[in-house]
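Visitor: coords please:
(4 chains)
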2 protein chains.
Amino acid sequence: MKGLNLTTQRKAVYDIVRNSNDHPTAAEVMNRLVEQGYNFAYGTVYNSLRYLTDKELIRELKLGESASRYDAKLDEHQHIICVSCGRVDEVMSSVPEDWKQAVAKETGYDVHHANVVFGGMCPQCLKKRTN
Amino acid sequence: MKGLNLTTQRKAVYDIVRNSNDHPTAAEVMNRLVEQGYNFAYGTVYNSLRYLTDKELIRELKLGESASRYDAKLDEHQHIICVSCGRVDEVMSSVPEDWKQAVAKETGYDVHHANVVFGGMCPQCLKKRTN
DNA sequence: TTTGATTTTAGAATAAGTATAAATCCTGAT
DNA sequence: ATCAGGATTTATACTTATTCTAAAATCAAA
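Guide: Next up is the predicted model:
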């Protein structure tokens, strides 16, 4: 591939992001690395996450929380956060094209992309609620 | 009103947010306060912004940048950021109801709200571009 | 196998925001 | 007016997430 240099540390970080289904933060990636017996410098984890993001092997998610999360799912999709337990799920249903066009018309912008973060109550928390 | 205590500092902060059209960050609010001859503690500015947010006089915007922005426009709306110059504009066209329903169906969530941040090129930057 | 480039490391630095404790300000009952 | 109690402000310390830096380690190629 186009000059991809996957060192031990980058590979380990990539594998964690790939094999996690909960969009871990840098700190969570760090914890899981330690669980697996690695002991990389904090800066290396951040560097690796940035490198992998630049190479488009993973995506950085800014969902309005204090820390960025990372996602190895690359096809265009959005996210939904449970207001009760904080879990993050994928939303595959894509932004309606005609809405994007309406926004372009309204604002005069050439609209490149949309980042959408839904908030709501996840099925599990809905069940736990008022019974 | 419902126990609203607008001190000098809170009023001054509120006025700045209200009279700005660029969704200032806390640091920008601070700068504008200094320009107006005020000299409040940093903590006071943060406290005031939180107080005003709690009282629903302003809204905190988390647009995926490092710092929160503040907006005195209260009706539901979204935002668009210029990828070239960074300016932030309002998007009044609202999230299509049927899309929200599709997302609820797909995820099983009870969808409460959606935060949308569009990215694109603003009219001014479009004009400046390749001429 | 020396040289140069790249990467990792440890730790310092930064940026945004929160917590804390003392000082100040307000308000309302004596 | 005046004092007590609560709320607010202030200055400063702290936290969290992340980036920067400079030295050490690793790799790759001549």
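Visitor: now what about the longest strand seen in chain A, what contacts it?
Guide: Using DSSP state E, we find that the single longest strand of chain A is strand A:110-121. Strand A:110-121 is contacted by residues A:62-64, A:78-84, A:91, A:95, A:100, A:103-104, A:129, B:64, B:80, B:83, B:100, B:103-104, B:107, B:109-121, B:126 when judged by CB atoms under 8 Å, 6 or more residues apart in numbering or on different chains. For glycine as for every other residue, the C-beta is placed from the backbone atoms N, C-alpha and C.
Visitor: Which residues in that strand does the neighbour count mark as buried?
Guide: Going by neighbour count (16 or more other CB atoms under 10 Å in any protein chain shown), the buried part of strand A:110-121 is A:111, A:114-121.
Visitor: how's chain A carved up into domains?
Guide: The record's domain parsing of chain A by automatic domain parsing lists A:8-71, A:78-128.
Visitor: Of all these, which one is nearest B:Asp22?
Guide: Closest approach to B:Asp22 among the domains of chain A (CB to CB): domain A:78-128, 14.9 Å.
Visitor: Is the closest one in proximity to DNA strand D?
Guide: No: using CB under 7 Å from any atom of the strand, domain A:78-128 stays clear of DNA strand D, with a minimum separation of 12.4 Å.
Visitor: can you check stretch A:36-52 too?
Guide: Yes: using CB under 7 Å from any atom of the strand, we find that stretch A:36-52 touches DNA strand D at A:42-43, A:46, A:50.
Visitor: Now do the phi/psi pair for the residue nearest to A:Val91 when sequence neighbours are not counted.
Guide: With sequence-adjacent residues excluded and distances taken as CB to CB, 6 or more residues apart in numbering or on different chains, A:Val91 is closest to A:Gln78, at 4.2 Å. As for A:Gln78, its main-chain torsions (degrees, to the nearest 10) stand at phi -120, psi -180.
Visitor: first to last residue in stretch A:76-95, what's the distance?
Guide: 10 Å (CA to CA, to the nearest Å).
Visitor: Show me the contact partners of stretch A:85-100.
Guide: Applying CB under 8 Å, 6+ apart, the contact partners of stretch A:85-100 are A:22-23, A:61, A:63, A:69, A:73, A:76-82, A:111, A:114, A:116, A:118, A:122, A:124-125, B:93, B:95-96, B:99, B:102-103, B:106-107, B:109, B:118.
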